[in-house]
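Q: next one to model:
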Amino acid sequence: MAVRALVTGASRGIGAAVAETLAAAGHPVVLNYRSNDEAAAAVKARIEAAGGTAELARFDVANAEETGRAIEQLLQGEPIGILVNNAGVAADAPFPTLKRDAWERVTRTSLDGFYNVTQPLVMPMVRRRWGRIISLSSVAGLVGNRGQVNYSAAKAGLGGATKALAQELAKRNVTVNAVAPGLIETDMMAKAPVEQILPMIPMRRLGQAQEVADLVAFLASDKAAYITGQVIGINGGLA
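A: Model prediction:
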């Protein structure tokens, strides 16, 4: 079943891979992004070149008013049946030196972003008695990570929100799940000491954004209709 999908943070990395994979499965995709017009346009162009359908929606998920206006406008068109909460930021530092701005920026993007985008889309899904809500958590939200107290807290919060919301919506045929990637080869990993990291990963390699996207696309499909309230790791055995 082809339904309209909204992917937040879709201009690069995992978000772009998810958007392109959902479009390849036949879903018209709304590409949300915060500021990089050129990167978002490139994702849209790739989707259209492959025969898919995509539209751009520029707004900051952490900004409640801006997101509210954008979602209201999107809801005037074809219903949104698939939501992928992917937008997130990192601002790493040891906790004793972690600035309040870094704490708030990271937690607000993930947690407020989850609320700002998901809340207005829930009842339309409930009324149609079908929906898929998938959020991108992280291995850091499952086991923690040094220097990432803010990021770990934000991603762990997404896991809790996922489990609670799944219980509210299950009888309406709306599933709510989260995917918790490990170390994935994206721009965020570009400056990481990969040679030091690989021995920590049982598979001895970084994951690929496409591998995460394939899992998200499965959870968005009818094949995953009986899966809800889960936080599914994809981490090469790291946790």
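Q: which one in the protein is furthest away from the centre?
A: When distances are taken from the C-alpha mean of the chain, residue 96 lies farthest, 28.8 Å away, according to CA atoms, centre = their mean.
Q: helix, strand, or coil at that residue?
A: Of the three states, residue 96 takes helix under DSSP: H, G, I helix; E, B strand; the rest coil.
Q: identify the residues contacting the lowest-mean-pLDDT helix or strand in the chain?
A: Averaged element by element with mean pLDDT, DSSP states H and E, the chain has its least confident helix or strand at helix 194-197 (a mean of 79). In this structure, residues lying in contact with helix 194-197 by CB atoms under 8 Å, 6 or more residues apart in numbering are 183, 206. Glycine gets a C-beta too; all of them are placed from N, C-alpha and C.
Q: could I have the CA atoms of stretch 62-82 written out in PDB?
A: The C-alpha atoms that make up stretch 62-82 are tabulated as PDB, following Å, rounded to 0.1, in the frame of the first residue of the first chain:
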ATOM      1  CA  ALA A  62      12.600  21.900  17.500                       C
ATOM      2  CA  ASN A  63      10.600  25.100  16.800                       C
ATOM      3  CA  ALA A  64       7.000  24.300  17.900                       C
ATOM      4  CA  GLU A  65       5.300  27.200  16.100                       C
ATOM      5  CA  GLU A  66       7.300  26.700  12.800                       C
ATOM      6  CA  THR A  67       6.600  23.000  12.800                       C
ATOM      7  CA  GLY A  68       2.900  23.500  13.700                       C
ATOM      8  CA  ARG A  69       2.400  25.800  10.700                       C
ATOM      9  CA  ALA A  70       4.300  23.400   8.400                       C
ATOM     10  CA  ILE A  71       2.300  20.300   9.500                       C
ATOM     11  CA  GLU A  72      -1.000  22.100   9.200                       C
ATOM     12  CA  GLN A  73      -0.100  23.000   5.600                       C
ATOM     13  CA  LEU A  74       1.000  19.400   4.900                       C
ATOM     14  CA  LEU A  75      -2.300  18.000   6.200                       C
ATOM     15  CA  GLN A  76      -4.200  20.000   3.700                       C
ATOM     16  CA  GLY A  77      -2.900  17.600   1.000                       C
ATOM     17  CA  GLU A  78      -2.800  13.800   0.800                       C
ATOM     18  CA  PRO A  79      -2.800  12.200   4.300                       C
ATOM     19  CA  ILE A  80       0.500  11.300   5.900                       C
ATOM     20  CA  GLY A  81       0.500   7.600   6.900                       C
ATOM     21  CA  ILE A  82       4.200   7.100   7.600                       C
END
